[in-house]
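Undergrad: Fold the following for me, if possible:
(4 chains)
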Protein chains: 4
Amino acid sequence: MPSFDYQPDPDVDPAGLVYTFGGAAPVASLRPGTVLTTWTRDCFAGVVRSVDDRSSELCDPRYLNPQTGPFHIEGAEPGDTLAVHFISIEPRETWGVSTTVPFFGALTATPVTPLLHQALPERTWIYDLDRVARTVRYRALDSDFTVDLPLDPMHGTVGVAPALGEVRNSLAPGDWGGNMDTPEMRAGVTCYLPVNVPGALFSFGDGHARQGEGETCGVAVETAMDTALVVDVLKGRPCRWPRIESDDYLITTGSTKPLEDAFRIAHSELVGWVATETGLSTLDAYQLVSQATLTPVANVVDTVYTMTAKMPKSALPGVTAMGGVHRRLKAVAEAWRR
Amino acid sequence: MPSFDYQPDPDVDPAGLVYTFGGAAPVASLRPGTVLTTWTRDCFAGVVRSVDDRSSELCDPRYLNPQTGPFHIEGAEPGDTLAVHFISIEPRETWGVSTTVPFFGALTATPVTPLLHQALPERTWIYDLDRVARTVRYRALDSDFTVDLPLDPMHGTVGVAPALGEVRNSLAPGDWGGNMDTPEMRAGVTCYLPVNVPGALFSFGDGHARQGEGETCGVAVETAMDTALVVDVLKGRPCRWPRIESDDYLITTGSTKPLEDAFRIAHSELVGWVATETGLSTLDAYQLVSQATLTPVANVVDTVYTMTAKMPKSALPGVTAMGGVHRRLKAVAEAWRR
Amino acid sequence: MPSFDYQPDPDVDPAGLVYTFGGAAPVASLRPGTVLTTWTRDCFAGVVRSVDDRSSELCDPRYLNPQTGPFHIEGAEPGDTLAVHFISIEPRETWGVSTTVPFFGALTATPVTPLLHQALPERTWIYDLDRVARTVRYRALDSDFTVDLPLDPMHGTVGVAPALGEVRNSLAPGDWGGNMDTPEMRAGVTCYLPVNVPGALFSFGDGHARQGEGETCGVAVETAMDTALVVDVLKGRPCRWPRIESDDYLITTGSTKPLEDAFRIAHSELVGWVATETGLSTLDAYQLVSQATLTPVANVVDTVYTMTAKMPKSALPGVTAMGGVHRRLKAVAEAWRR
Amino acid sequence: MPSFDYQPDPDVDPAGLVYTFGGAAPVASLRPGTVLTTWTRDCFAGVVRSVDDRSSELCDPRYLNPQTGPFHIEGAEPGDTLAVHFISIEPRETWGVSTTVPFFGALTATPVTPLLHQALPERTWIYDLDRVARTVRYRALDSDFTVDLPLDPMHGTVGVAPALGEVRNSLAPGDWGGNMDTPEMRAGVTCYLPVNVPGALFSFGDGHARQGEGETCGVAVETAMDTALVVDVLKGRPCRWPRIESDDYLITTGSTKPLEDAFRIAHSELVGWVATETGLSTLDAYQLVSQATLTPVANVVDTVYTMTAKMPKSALPGVTAMGGVHRRLKAVAEAWRR
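TA: Numbers count the residues shown, from 1 in each chain, chains lettered A, B, ... in the order given. Next up, the predicted model:
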């Protein structure tokens, strides 16, 4: 099983990582079918480590949410779809961090919903991660309440270079992927991304030990991750918006504001995907999607908001989506694990 | 076990039912602790019955979504909370119906998102309901695709008379409840509603054999329902927005536009609810909600949109919410079933 | 010239006025062509009178924004359009009042954009109105800055009983009119409203000595008004949303959220209106509207937001809109003034 | 009077122009106080010229809305504000063009408000521009209606390189300026832009012979422009969002979705600007803005929407905004014209 290990160099650039999708030279070239092992820094680049640390004091706003990559994917051309199968996403550390950030989050004024209020207090929570028990321990700051939540590691940010020559900050989600912050991006899924430039220029980061749907306060249980993945390229099959396939669901995403438009994107993409895979007419697919889908919010905190729509595969008997690439990449993952 | 059976009289008024929250005289008085058995018509009042029927031809727009009730709840006063425990929600018929309605739904222009497009085609789907196998059979109109989806009966519309003397059509959701169209409103849950007028004036309807989250095309698998429920009144404990408690979740709702504001309502209500029940500070509750909640969309099709936020009870060890009324009403339900 | 004077009785009901559109019995019947002279209280019913007064302490939230009426309009039937020509709107007092209201306004969290911030400080500004010099004097509270702004009296709230049996609070705008808060509603214009119930049940209030477009803090320069108006009924000509005609503009309104949908309503209504009056095709009217209209915001603070679209009559040579009713009612106004 | 003439070279790159803000090398360096004379292509780069031309057939979507520049502004550093005074904006041709573009515009489904409708018909209107009579002649396609509208030349797109290393397509508006499409950007005004990178990298284009507020169909009366301007740099005075100063108004802009948030940006910026210039407290400035501003929409069609807020200078007696740069640049313009 061919594999390739890439270690970001923390001595080059702040953290040796990148802060945009597009606009950065590839750090390496990756061949479809080769397993990539690498790691990602947390969204604060590791500098917020105790309940007394404040990201607003410790972090340069130009260098938030560092990404590992970008990787030039061999053979990927505009009009193709990149398939990224996450084999393993595991916390590197036994701690994670969340904070309130002034004027960032769903229940506060922000720079694009500017109001005349003072900022909410800035606070920092440190979580204990137990990789054996698979738990994330929450500890209240103002009382002695604690509770263990399930560990559910994922990447908040997965994407490629945008179209139209754009370069986008790693805090933004969009049709190139980016900071979608959906808990669906866990190990075992295959993420589909449009290829907008030769080589796709794939990068990812923003590991979360877990997050609630919506990532309401704007910051999940942030942690550095060790990640293994394998990619494939679907030649000549474009996709407009990122998709995710798990063993049980076909999942579409939409990222925009207002949130109902993100819902519309995710659902119109799902109607089209279901129609393509089943041969249903558009209206029949609209009807089936209307009765069968789940629609969790991904985030309501980033530069724009992300919605997902999930069609159970059980509602699509006999369908093998996207030409079976999820199944093929899972087989690669299983072979590599052995 | 005291119980009360109410049969809507189809000879009084169109369908003997009501089409507003507020503005209608109570049909009966209901004592807390008494089990109510009754039934509801489907949203089309039963007149759309075949794939050739068109709701736009058969239905008077003034008489859509009939409600059973309103019931005057003994002892309910403004400032109280009404708790409604659904004991049983079962389809009365072996068929359900869905349609596309011109200029209604999430993926079409509407009267409040008016565009210059022609209406989408109006189509009708008839579903087979199998109450033993617990399935809902979807049949495509334009191909021979069929699939059985899980039967998951629920009420789209549950509410009370609004505040400020308002009367609202049964197609609208809001802080009085109404047409929230959340699949969480299934048998076994307790719904909490604000009491705005003496007696609350509770009514409900709009049974769905199942629906996708978001109710994307605007119409679920609509069907008449036989329903049993029991109510209680939480004296002097106001709630601003409808809530739902199941065995596993505390669920808040928010209904407004844009959808991110419905998300904000549901989440700020949940932060407050969690803080009240646990003694957590507001910021600690904000943090816990941010990492632990699920946030499925209810509907993106009604006059305003509804979002839910679901906190797992497993994240709130030791908490008995709302003074334990859910547990008490479940016990009533179990006693009644025997 | 037939005329009718109606004096609200402050001893009946709080202020002898009404707080809803729909749901109230008519106070009088008004014949088309008869000039009505009456007056309206300010939105606080006159109780906020000094910079030390606080509306949150002095006002019952159930009794905000009192309306004068409703008037039963003789001959008005559902499907007709009511035309209301404002002959004169003049402040009754030499003072007006504005305030910040906790959790109300465009630059604050609100009940439907709920955030975790504390309320902004509640403050009250008193303005001097000079009805001869036609000025409104602003005086800063925290410094000695003062400035005279132009007096520009108008009614924030003008409407009829809603459709579908609804009753709506006087703080809400919608297709029945209501609390649109557009500065275009000044003396000399004709407002067109849909008739939803027999007699239309027309009422109005919420006088503003002036307001900025958007009514940003939520409260204009509120003042009691002496108003003269004359109505007519356009039989069998329905209109879906309120319109305003001035000597120079055809103006449409849309009230909903998000604000772009209010824009879409106002513009699709204007495209339709222009097409009807000129015989232009829909796409030609869309094009002309796109190049010629002005689009000031009315309010971004009420239960939903209101946008206006203004087509200059100079871009519609030869057109006499709505069958010339504006011209006819102006002639009545001129005759009455003499 | 120093001046500099720059002629874009149509043989370099498609049209010798650029299609992004950020990401392009400067074409020239411009010294503050030097008058720049140059020209801009229309948004279709001049290829849509008759009613039978279709932009969807003739234009490469990667090369829409070409910009002239970018110009490196001598002495401009991050944290400064760039002031651009438009001396003259005059159509180069005697014709302008507008179109409907499939899935683009305010009254159609779009890629980010995706619905299941077919696209509206694609049509093209050609306008006659009379630079002497100062008129723009509209001619209906489907009837013989024609009308002359006032010529009111402006630039839809004015901006600098964005912050955070981003590169944005010239179709997008934001805090860097870009495709704001406000009719306020006419000759005689001074536009203030934040400087995000050394030299600012200022560019502009998208000339409109006129447009309605909102640019409803998505395309104004597009035309190539001859433009003269002069710039200055306000050292150490940052501004977050583009502003415009005319002889009569202070104007702020906000670009985001939903439109109420663009309104909030423009108004919170205006509250801050007024407070800074007058010494009013924030709440006093909020109050004055609420009673005195005009709030025309700029566009509801681009990647995000733009709102403007206009404070009459007559409401700010004694104020000379931004240190008087508008007055100084006007004097340069007058000297240059002689």
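
Undergrad: Do I have it right that A:L270 meets A:P312?
TA: No - applying CB atoms under 8 Å, one finds A:L270 not in contact with A:P312, separated by 11.6 Å. Any C-beta I mention is one placed from the backbone N, CA and C, and that applies to glycine too.

Undergrad: more neighbours, these two?
TA: The neighbour comparison of A:L270 against A:P312 (other CB atoms under 10 Å in any protein chain shown) goes to A:L270, with 29 against 14.

Undergrad: pretty sure the more buried one belongs to a helix, no?
TA: Yes - applying DSSP: H, G, I helix; E, B strand; the rest coil, one finds A:L270 inside a helix.

Undergrad: check contacts around it.
TA: Residues in contact with A:L270 (CB atoms under 8 Å, 6 or more residues apart in numbering or on different chains) are A:L250, A:T252, A:V289, A:T293, A:A309, A:M311.

Undergrad: Look up how far A:S314 lies from the closest residue to A:L316 other than its chain neighbours.
TA: Counting by CB to CB, 6 or more residues apart in numbering or on different chains, A:L316 lies nearest to A:T278, which is 6.2 Å off, once chain neighbours are set aside. Distance of A:T278 to A:S314, computed by CB to CB, to the nearest Å: 13 Å.

Undergrad: okay, these two: which has more neighbours?
TA: Neighbour count, other CB under 10 Å: between A:T278 and A:S314, A:T278 has more, with 21 against 13.

Undergrad: Please list all residues in contact with that one.
TA: Contact analysis of A:T278 by CB under 8 Å, 6+ apart lists A:A285, A:L316, A:V319, B:F145.

Undergrad: Neighbour-wise, give me the winner out of those residues.
TA: When neighbours are counted by other CB under 10 Å, A:A285 leads these with 25 neighbours.

Undergrad: Where does it sit: helix, strand or coil?
TA: Three-state call for A:A285 (three-state DSSP): helix.

Undergrad: For the residue lying closest to it once chain neighbours are set aside, pull up the helix or strand it's in.
TA: Spatial nearest neighbour of A:A285, chain neighbours left out: A:A275 (4.0 Å); criterion: CB to CB, 6+ apart. Assessed by DSSP states H and E, A:A275 sits inside helix A:259-278.

Undergrad: what's the angle from that helix to helix B:259-278?
TA: Angle between the axes of helix A:259-278 and helix B:259-278 is 110 degrees (criterion: axes from the mean of the first three to the mean of the last three CA atoms, to 10 degrees).

Undergrad: Centre of the chain to helix A:259-278, how far?
TA: Distance of helix A:259-278 from its chain centroid, counting by CA atoms, centre = their mean, to the nearest Å, is 19 Å.

Undergrad: And for stretch A:273-290?
TA: How far stretch A:273-290 lies from its chain's middle: 26 Å, per CA atoms, centre = their mean.

Undergrad: Mind listing what's buried along it?
TA: By 16 or more other CB atoms under 10 Å in any protein chain shown, the buried positions in stretch A:273-290 come out as A:273-275, A:277-278, A:280-290.

Undergrad: May I have the secondary structure class of the closest residue to chain C within chain A?
TA: Of all residues in chain A, A:H117 sits closest to chain C, at 3.8 Å by CB to the nearest CB. Using three-state DSSP, the structure places A:H117 in coil.

Undergrad: Now do the contacts for it.
TA: A:H117 sits next to A:T108, A:A109, C:T108, C:A109, C:L115, C:H117, C:Q118, C:L120 when contact means CB under 8 Å, 6+ apart.
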